[in-house]
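Asker: Fold the following for me, if possible:
(one chain, ligands or ions: 1)
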Amino acid sequence: MVNEEMKKLGNVRSVIREIFEYCKVRKAEIGKDNVFDFSIGNPSVPAPAIVNETIADLAANYDSIELHGYTSAQGDARVRGVISKYISDNFGAEVPANNIYMTCGAAAGLTISMKALCLPGDEVMAFAPFFPEYKVFSANCGAVLVPVKSDDKLLPDMADFESKITDKTRIVVVNSPNNPSGVVYPESTIKAIASVLEKKQKEYGHPVYILCDEPYRELVYDKATKVPYVMNYYDNTLVCYSWSKSLSIPGDRIGYVAVNPKAADSADVYAAICGAGRSLGFVCAPSMMQFVVEKCIGHVSDLSVYKTNRDLLYGSLTEYGFDCVYPDGAFYLFVKAPDGDSKKFFETAKKHEVLFVPADSFAAPGYVRIAYCVTTEQIKRCLPAFKEIAKEYGLIK
Ligand code: PLP
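Answerer: Model prediction:
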């Protein structure tokens, strides 16, 4: 006998992984250059040189026992101190080292935070479109994921948001820059979310926490685009950060949860974060990677390739008549299926060996997600195929 729910999760891959695996098989069949794989958010830009230099330096010069040994369960105190200073210097928020918990990426941070804050039956809200794993993470602690609609700019529909908050709402997830839409929430949206929550907290007499999911914080491409630091607008905020995308190290699994000291019951919240980390087996994030981020914090991979790709793909697809959401950040282009049928759009593109992801599981039926974290060469080579697809849909002649 096994846990049937877990068996189901293990047997049924996410749509993204399903298409990613299909691409692998197809590449083996017809050659990797003949398949246009836009399925997964794996950074295509190498980590900045300082990452490998730091690893080499640590391996050569750092105390080997300490480098490969356990740190404190919540992470090395010195590393957390460096992160605390970075948050203060860059975002103007004061988060002591003892409010920071090192994690295996944002995924562990999210699941730990949900476990720490929710009781079975509680509600976790997420603004559509959203990362499908939120549903899995909230189910893990018995909470229910409540999707909130978006408006025509794919920003939260504030009326729908307000109407869906209940006495059971514990968490509102804010993911900006957003996967899958690439949309960055402006300050006005953050202020509007904060103001609704302030009102609702008073009404229900208990805190509702914003959980910021921020693996794409640095991935914005225009100088004018600012990513507001939510703690500065709303006290009851936790941040789940990850270096997966900013340093192109998703396989190294390193990130953190930061609990705002101004949050209601912040000491208890942090204790519950430590407890949830313990309960889930997420203690002592990889030690060597903690020491790597201590040295590399503030560095970012060369983002110019993503910007070039975004401009080329967005420019070309809109020229061919596709309806695309302009992505201010992350490395995803969100496109409307020309006749509203995302699965048919996927199948049509597949015939041209163009593989992207229907966005139904992101709570955005009718859209597809194109992960443009690929080489610019791939973008250039796939454009004739997109042109053909546009012709099939009668968007161009
Ligand atoms: N949240 C979002 C929105 C993501 O897109 C991802 C990964 O793609 C994650 C969380 C998980 O990131 P990590 O690799 O840091 O666990």
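Asker: In which helix or strand does residue 139 reside?
Answerer: Assigned by DSSP states H and E, residue 139 belongs to helix 133-140.
Asker: tell me how far that helix is from the chain's mean position?
Answerer: 14 Å (Cα atoms, centre = their mean, to the nearest Å).
Asker: tell me the mean pLDDT over the very next helix or strand once past it?
Answerer: Next helix or strand after helix 133-140 toward the C-terminus (DSSP H and E): strand 144-148. On average, the pLDDT along strand 144-148 is 98.
Asker: What strands flank strand 144-148, and is each parallel or antiparallel?
Answerer: strand 123-127 (parallel) (DSSP bridges).
Asker: tell me what the helix holding residue 139 is packed against?
Answerer: helix 105-117, strand 123-127, strand 144-148 (3 or more Cβ pairs under 8 Å, 6 or more residues apart in numbering; DSSP states H and E). No exception for glycine: its C-beta is placed from N, CA and C like everyone else's.
Asker: doesn't residue 13 make contact with residue 133?
Answerer: No: in this structure, residue 133 is not within contact of residue 13 by Cβ atoms under 8 Å, at 11.9 Å.
Asker: Which residues of the stretch 1-150 of the chain lie near the ligand?
Answerer: Residues of the stretch 1-150 of the chain lying close to the ligand by Cβ under 6 Å from any ligand atom are 41, 105-107, 131.
Asker: Could I get the residues you listed in TSV, plus columns for neighbour count and pLDDT?
Answerer: Compiled in TSV, these are given as follows (neighbours: other Cβ atoms under 10 Å; pLDDT from 0 to 100):
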residue	neighbour count	pLDDT
41	23	92
105	24	98
106	30	98
107	22	98
131	25	95
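Asker: quick one on the thing from earlier: please say which of residue 133 and residue 13 ends up with more neighbours.
Answerer: residue 133 (16 against 12; other Cβ atoms under 10 Å).
Asker: Surely residue 68 is in contact with residue 288?
Answerer: Yes: using Cβ under 8 Å, residue 68 is in contact with residue 288, at 6.8 Å.
Asker: who has more neighbours, the two?
Answerer: residue 288 (16 against 13).
Asker: got a list of what whichever residue of the stretch 151-300 of the chain sits closest to the ligand touches?
Answerer: Of the stretch 151-300 of the chain, the residue with the smallest distance to the ligand, taken as Cβ to the nearest ligand atom, is residue 242 at 3.0 Å. Residue 242 makes contact with 103, 105-107, 109, 214-215, 254-255, according to Cβ atoms under 8 Å, 6 or more residues apart in numbering.
Asker: same deal with residue 51?
Answerer: Contacts for residue 51 were tallied using Cβ under 8 Å, 6+ apart; they are 247, 249, 292, 296, 299.
Asker: how close does the residue of the stretch 151-300 of the chain closest to the ligand get to residue 357?
Answerer: 20 Å (Cβ to Cβ, to the nearest Å).
Asker: picking up where we left off before, phi and psi next, for the residue of the stretch 151-300 of the chain closest to the ligand.
Answerer: When read as degrees, to the nearest 10, the backbone of residue 242 gives phi -150, psi 150.
Asker: Residue 225 now?
Answerer: phi -80, psi 120.
Asker: so it touches residue 330, yeah?
Answerer: No: contact status for residue 225 versus residue 330: not in contact, 11.3 Å apart, counting by Cβ under 8 Å.
Asker: Those two: which is more packed in?
Answerer: Taking other Cβ under 10 Å, residue 225 and residue 330 do not tie; residue 330 has more neighbours (30 against 12).
Asker: give the contact list for the more buried one.
Answerer: 41, 177-179, 182, 216, 219, 245.
Asker: any idea which of the residues you listed is closest to residue 203?
Answerer: Residue 203 lies nearest to residue 178 out of those, by Cβ to Cβ, at 28.0 Å.
Asker: how close does the closest residue to the closest one other than its chain neighbours get to residue 181?
Answerer: For residue 178, ignoring the flanking residues on the chain, the nearest one in space by Cβ to Cβ, 6 or more residues apart in numbering is residue 330 at 6.3 Å. Per Cβ to Cβ, residue 330 is found 8 Å from residue 181.
Asker: Show me which residues of the stretch 201-350 of the chain are close to the ligand?
Answerer: 213, 215, 242, 244, 250, 255.
Asker: Mind checking which of those residues are buried?
Answerer: 213, 215, 242, 244, 250, 255 (16 or more other Cβ atoms under 10 Å).
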